[in-house]
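> I need the structure of the sequence given here:
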Amino acid sequence: ALTHKHKIVNDFFNKQRGIKGLKVIPLGKAVRKCLEVFGQNGIIALVGDRDFSEKGAVIDLFGKPAILPEGPAAFHLKVGAPIVPVFMVRNPDDTFTLIIDKPIEFIPSGNKNKDLPELMSKYNITLEHYIKKYPDQWYMFRKFWIK
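Presented below is the predicted three-dimensional model:
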């Protein structure tokens, strides 16, 4: 998770996550800790539509180049972990619906330079579907599309 600049805000978010039994892995230790959690048959949730590392890949989304995180695809290619797209949708009565889509099907060729953007593009098909279906539920708070 992204660490907030203000300790009070960061502590609040981490406390809320902890109440629900979620363990937060700070970005700086993410790869090693994710491998550890995966090795213990844990579930890892990675953000698939916002690149916080500023090292993301340029992949088309809605036909325009956008900067997206490599994490989910890179992790899949490294350890074979399935990518299961999950979306949270706010309902009109302020309750939420959790949508768990089918895992992304992908057979790696062994060439990471080819596989990474190809897998990310497959994920984007699902992302585009849900953004089209719930356009009012998705907002980008930082630079996303490349001009």
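
> where does the chain have its least confident helix or strand?
Ranking every helix and strand in the chain by mean pLDDT, DSSP states H and E puts helix 30-39 at the bottom, with a mean of 86.

> check which element follows that one along the chain.
Per DSSP states H and E, the first helix or strand lying C-terminal to helix 30-39 is strand 57-61.

> the helix or strand just after that following strand vs strand 57-61, what angle?
Downstream of strand 57-61, the first helix or strand assigned by DSSP H and E is strand 64-68. Following axes from the mean of the first three to the mean of the last three Cα atoms, to 10 degrees, one obtains 130 degrees for the angle between strand 64-68 and strand 57-61.

> all helices of this structure, in order?
Under the criterion DSSP state H, helices of the chain are mapped to 7-19, 30-39, 71-79, 112-133.

> can you list the domain ranges for the chain.
1-45, 50-147 (automatic domain parsing).

> would you format those as a markdown table with mean neighbour count included?
C-beta here means a position set from N, CA and C on the backbone, and glycine is covered the same way. Listed next are these as a markdown table, based on neighbours: other Cβ atoms under 10 Å:
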| stretch | mean neighbour count |
| --- | --- |
| domain 1-45 | 12 |
| domain 50-147 | 14 |
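
> phi, psi of the residue of the chain positioned farthest from its centre?
When distances to the mean C-alpha position of the chain are computed (Cα atoms, centre = their mean), the maximum falls on residue 93, with 26.4 Å. Here is the backbone geometry of residue 93 (degrees, to the nearest 10): phi -90, psi 20.
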